[in-house]
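Novice: turn this into a model:
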Amino acid sequence: MERLFPSRLVCKRLIPSSSPIRIIMYYISFWLYPAAGRCTPRQSDHRRNHRKERIDGRRESTADYLLVRHKVRDFSEWKSGYEEHLPKRKEAGLKEKHVLRSGNDSNEVVALFEVSDRDRAKAFTESTELREVMQKVGVIDKPDIYFLSD
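Specialist: Below is the predicted model:
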């Protein structure tokens with residue numbers, strides 16, 4: 001089965017080594033794919049089976065995540081606008097886990113959110129209101145948006 005993050009291809013060829021998204025993808029790949037020779041089979045089975053049972057008997061992920069990467073004109077200006085937008089993110093079912101900056105470019109931002117409702121979060125990321133707010137607070141490139149699940 002193809003990995004969600006084919007780390008050898010994506011991380012080494014498409015994303016520069018200094019990019020925060022590569023670093024986050026590297027650590028997430030350890031967590032998502034423990035059976036890829038990074039831990040013992042017993043640990044792997046425990047992690048894979050640590051999921052909730054749905055009413056119909058199928059397994060369901062315990063959490064979904066949203067990873068966003070973009071460049072901003074000025075981090076402090078962006079941060080103040082980002083914090084003002086908190087009620088809208090909460091309304092969309094997003095809970096902030098991490099907001100990180102690149103070590104090489106302090107205006108490159110990576111944000112990781114826990115998603116409580118994937119449909120609301122997807123609608124939020126595709127909304128014109130969000131695009132307008134991002135433009136207003138100084139996002140200067142098209143954001144990379146990834147929905148992840150464990």
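Novice: which residues touch residue 72?
Specialist: Residues near residue 72 by C-beta atoms under 8 Å, 6 or more residues apart in numbering: 78, 107-109, 137-140. For glycine as for every other residue, the C-beta is placed from the backbone atoms N, C-alpha and C.
Novice: report the secondary structure element holding the closest residue to it other than its chain neighbours.
Specialist: Nearest non-adjacent residue to residue 72, counting by C-beta to C-beta, 6 or more residues apart in numbering: residue 78, 4.0 Å away. If you go by DSSP states H and E, residue 78 is part of helix 75-84.
Novice: what residues sit buried inside that helix?
Specialist: 75, 78-79, 81-82 (16 or more other C-beta atoms under 10 Å).
Novice: next one: stretch 84-99
Specialist: By neighbour count on 16+ other C-beta under 10 Å, the buried set for stretch 84-99 is 85, 89, 92-94.
Novice: which two in these are spaced the farthest apart?
Specialist: Maximum pairwise distance among those (C-beta to C-beta): 14.4 Å, between 85 and 93.
Novice: and the helix holding residue 78, what other elements does it pack with?
Specialist: Packing contacts for helix 75-84, counted by 3 or more C-beta pairs under 8 Å, 6 or more residues apart in numbering; DSSP states H and E, involve helix 128-137.
Novice: I'd like the next helix or strand past the helix it packs on.
Specialist: Remark: after helix 128-137, the chain's next helix or strand is strand 144-149, criterion DSSP H and E.
Novice: packing partners of that next one?
Specialist: helix 20-32, strand 64-71, helix 118-125.
Novice: weakest of the ones you listed by average pLDDT?
Specialist: The minimum mean pLDDT among these belongs to helix 20-32 (a mean of 64).
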